[in-house]
Every structure is written in structure tokens, then in C-alpha cells.
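> Next come a sequence and a model predicted from it.
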Amino acid sequence: MENQKHVRPSWDDYFLNLLEPIGSRGSCDRGRSGAVIVGSGHTIIATGYVGAAPGQPHCDEVGHMMNTVIHEDGTQSQHCVRTLHAEENAILQCAKDGISVAGSTIYTKMVPCYNCAMRIVRVGIKRVVATKRYHSDQLSVKLFRDAEVNLVVMDNAVEEYKNQSNTVNDTPKEFKSIKEIFVEQGKTIDVNKIEQA
């Protein structure tokens, strides 16, 4: 048997590989996502996973609390609102413990939803590394660009989760690449702000 040289993962791959075990703590079977916030020196500041607020029942125990969202284009989608998203839980853990995340990087299973993206921008996280795209991430992508948050997407495929329903009225929702989002706005893409691995 030949001795194969060990190849160390990049820091991005290292932290992305932590998402699955962290996400396994999630309590909503629609998406057991994890998030890792990393500071300077590649130090883990906090982790988060999808779960209900403390003291509240979990989806896995009592079922989902679904809301219908009507998008600007008229399409509708179903979202479970019983849980906090992984990104929210990681950010809130830092807030609870009085830890600044300014200038940090957050690693996520998919491009964060718009609500999580707003929180990421607000707390000063400057880099987002996502494994895949989110089916409704166009506003998040624009927000990150406008706020000068560096977005890295490892795989342009859309992350699918259990019982995902992009539409209620069976009208397919148009999915655009990150490049198309900016070309449509007449903007150029600065690869230092948004990149795809």
C-alpha cells in the first residue's frame, strides 16, 4: 500500500465540514442547518442550529408552524416560523454572551435568507461562506453586495430541504444566478465582494 500524502483542508472547507454535525442538533426536519461564526485567527466564536426558542416546543415534537409568504412577483411559498435559523441562533448566542462579531466570517449550509442576511449585515459580519444557494436568495445577494459583505458560494446548486415548497400556486419561481442578479441591475460584479468557489 502506498503512502498517500495527507491533504489538509482549507480553512473554508474545515469550517464548512462542521456544519453537518452542528446542524444535526436542529429540531425542525425541514432543514437541519448549522452555522459557524469565526473570528480572526480562525477561532470559532459561536455555532448555531435550527431550533425553537428556549422553553418553546420543537417542530420534531409538535409539528411545524407554517406561514405563507407572498413574494413581489406574486408567487407564494411556505415557511416554518416555529424555529430560529442557524445564523440567528449563532448571532444571538454572541449577543447573549456580549461577544462582538464585527469583521468575522459566518459559514452556512446555504446563502442566508433575507431576514438572516439583514442580521448578518447589522452585526458587522464581513464574510459569508455558503455551501449552496438558497431557493429565494436574490434579496440576500443584493444586500450583501450593497453592504460590502464578501459572499462566497461553493456550489451554485440550490439546497433543497425536506418538504420544500417554493410555491403554493404551482407557478415555478424563476431562479437567477448571482451574475444575472447584478447584470439585471446594470451593475458589475466585484469578485472581491461575491465569488463562487
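Structure's in. What do you need? Numbering: from 1, shown residues only.
> mean confidence score for stretch 147-160?
Averaging pLDDT along stretch 147-160 yields 91.
> Endpoint to endpoint, that stretch covers what distance?
27 Å (C-alpha to C-alpha, to the nearest Å).
> now it: how far from the chain's centre is it?
8 Å (C-alpha atoms, centre = their mean, to the nearest Å).
> Could I get the buried residue list for it?
Using 16 or more other C-beta atoms under 10 Å as the test for burial, stretch 147-160 gives A147, V149, N150, L151, V152, V153, M154, V158, E159. Glycine gets a C-beta too; all of them are placed from N, C-alpha and C.
> now those residues as CSV including secondary structure?
Converted to CSV, the buried residues of stretch 147-160 look like this (DSSP: H, G, I helix; E, B strand; the rest coil):
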residue, secondary structure
A147, coil
V149, coil
N150, strand
L151, strand
V152, strand
V153, strand
M154, coil
V158, strand
E159, coil
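> For the nearest residue to H58 once chain neighbours are set aside, list the residues it contacts.
Of all residues not flanking H58 in the chain, S27 sits nearest, at 3.6 Å (C-beta to C-beta, 6 or more residues apart in numbering). Contacts for S27 (C-beta atoms under 8 Å, 6 or more residues apart in numbering) come out as V50, G51, A52, H58, C59, D60, E61, T83.
> wait, what's in contact with the most centrally placed residue in the chain?
The centroid of the chain falls nearest to P112 when counting by C-alpha atoms, centre = their mean (3.0 Å). The neighbours of P112, taking C-beta under 8 Å, 6+ apart as the test, are H85, E87, I106, I120, V128, A130, Y134, D137, S140.
> Can you find the helix or strand in the chain with the smallest mean pLDDT?
Ranking every helix and strand in the chain by mean pLDDT, DSSP states H and E puts strand 194-196 at the bottom, with a mean of 50.
> Which parts of this protein are helices?
11-16, 19-23, 59-62, 86-97, 114-122, 138-146, 178-184 (DSSP state H).
> Of those helices, give the one that comes closest to G41.
For the helices of the chain, the distance to G41 is smallest for helix 11-16, at 10.5 Å, taking C-beta to C-beta.
> Output that closest one in PDB, but only the C-alpha positions, please.
The C-alpha coordinates for helix 11-16 follow below in PDB (Å, rounded to 0.1, in the frame of the first residue of the first chain):
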ATOM      1  CA  TRP A  11      -9.900  26.800   6.400                       C
ATOM      2  CA  ASP A  12     -13.200  27.300   4.500                       C
ATOM      3  CA  ASP A  13     -13.500  23.500   3.900                       C
ATOM      4  CA  TYR A  14     -12.700  22.900   7.600                       C
ATOM      5  CA  PHE A  15     -15.400  25.100   8.900                       C
ATOM      6  CA  LEU A  16     -17.900  24.000   6.200                       C
END
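> C28: how many residues sit nearby?
For C28, the count of nearby residues is 24 (other C-beta atoms under 10 Å).
> Please list all residues in contact with the residue nearest to it when sequence neighbours are not counted.
Excluding its sequence neighbours, the residue lying closest to C28 (C-beta to C-beta, 6+ apart) is C59, at 3.9 Å. C59 makes contact with S27, C28, D29, R30, A52, M65, C80, R82, T83 under the criterion C-beta under 8 Å, 6+ apart.
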